[in-house]
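Chemist: how would this look folded up:
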Amino acid sequence: IVVMLSVAVINEVLERRRRQRWSVLAQYVMFELVRNARMIWTGVLDLGGLLPAEANQRQFVELGGQIVRDTPRLTAAVREIVDHDDLRDRLHTEIAFLAEHADEVLGRWAPVMLNAQVYAEVIDRHVELVGDIAWIGGVLDAGYPPDDARRQKRARSSPALQLQADLGGEWLADRIVVITQLAENLDRGTIELALQIVPVQWWETRLGT
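Modeler: Got it, this is the predicted structure:
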């Protein structure tokens with residue numbers, strides 16, 4: 001009986017440690033997804049001249065999120081970007097970078113997180129976001145071919161050109177608005193989930209020791 005109880009206690013301790021290690025890893029991945037989503041929506045605000053000025057990090061995120069959720073204001077700024085040659089070129093470069101970075105993040109962590117059903121839905125939403133960015137990147141590379149031969153080749157094979165009939169400026173601007181708002185929404189939702197997985201208090205205790 002003593003041996004059986006000892007084994008049960010040891011197994012419980014090991015299982016608790018395993019769950020804690022998995023939770024820490026899951027939170028790390030969530031924070032990486034938040035960073036990726038935040039890079040997308042803040043990048044659009046930066047190009048549109050809408051980034052909050054003279055604010056600390058917490059205020060910056062909160063005020064920036066409010067601007068993103070102001071659809072008329074965001075739409076007007078994005079349409080100005082699309083209609084302006086220099087700003088559109090900068091947008092093109094930014095989206096190419098974001099698409100590559102997002103692909104790298106998902107490629108590294110999606111197979112791990114999809115093994116846990118509880119995280120599958122949030123990963124699915126971030127895959128949707130990354131797919132949208134890649135789609136827009138393909139459209140821009142096809143309409144405004146870059147000097148990079150690799151990106152030119154990818155653009156020629158993009159299904160976006162086959163499936164999307166209207167590639168005009170208004171469509172592009174509206175699509176970018178949708179992507180920007182999705183990114184900000186996923187930013188908020190994912191960081192809330194991350195802080196439920198491992199509370200800040202646990203980290204404060206851990207770092208204190």
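
Chemist: make it CA atoms for all contacts and neighbour counts henceforth
Modeler: Noted.

Chemist: now do the contacts for G64.
Modeler: 42, 45, 50-52 (CA atoms under 8 Å, 6 or more residues apart in numbering).

Chemist: ok, now with 6 Å
Modeler: Residues near G64 by CA atoms under 6 Å, 6 or more residues apart in numbering: none.

Chemist: so which bits of the helix or strand where it lies are buried?
Modeler: Taking DSSP states H and E as the definition, G64 sits inside helix 57-69. If you call a residue buried by 16 or more other CA atoms under 10 Å, then helix 57-69 has these buried ones: 60-61, 64-65, 67-69.

Chemist: list just the nearest of the residues you listed to Y28.
Modeler: Ranked by distance to Y28 (CA to CA), the buried residues of helix 57-69 are led by V61 at 19.4 Å.

Chemist: just to revisit the earlier point, would you pull up how far the helix holding G64 lies from the middle of the chain?
Modeler: Using CA atoms, centre = their mean, to the nearest Å, the mean C-alpha position of helix 57-69 is found 16 Å from that of the whole chain.

Chemist: output the contacting helices and strands for the helix or strand following it.
Modeler: Downstream of helix 57-69, the next assigned helix or strand under DSSP H and E is helix 71-83. For helix 71-83, the elements it packs on are helix 85-113, judged by 3 or more CA pairs under 6 Å, 6 or more residues apart in numbering; DSSP states H and E.

Chemist: the helix it packs on to helix 71-83, inter-axis angle?
Modeler: Counting by axes from the mean of the first three to the mean of the last three CA atoms, to 10 degrees, helix 85-113 lies at 110 degrees to helix 71-83.
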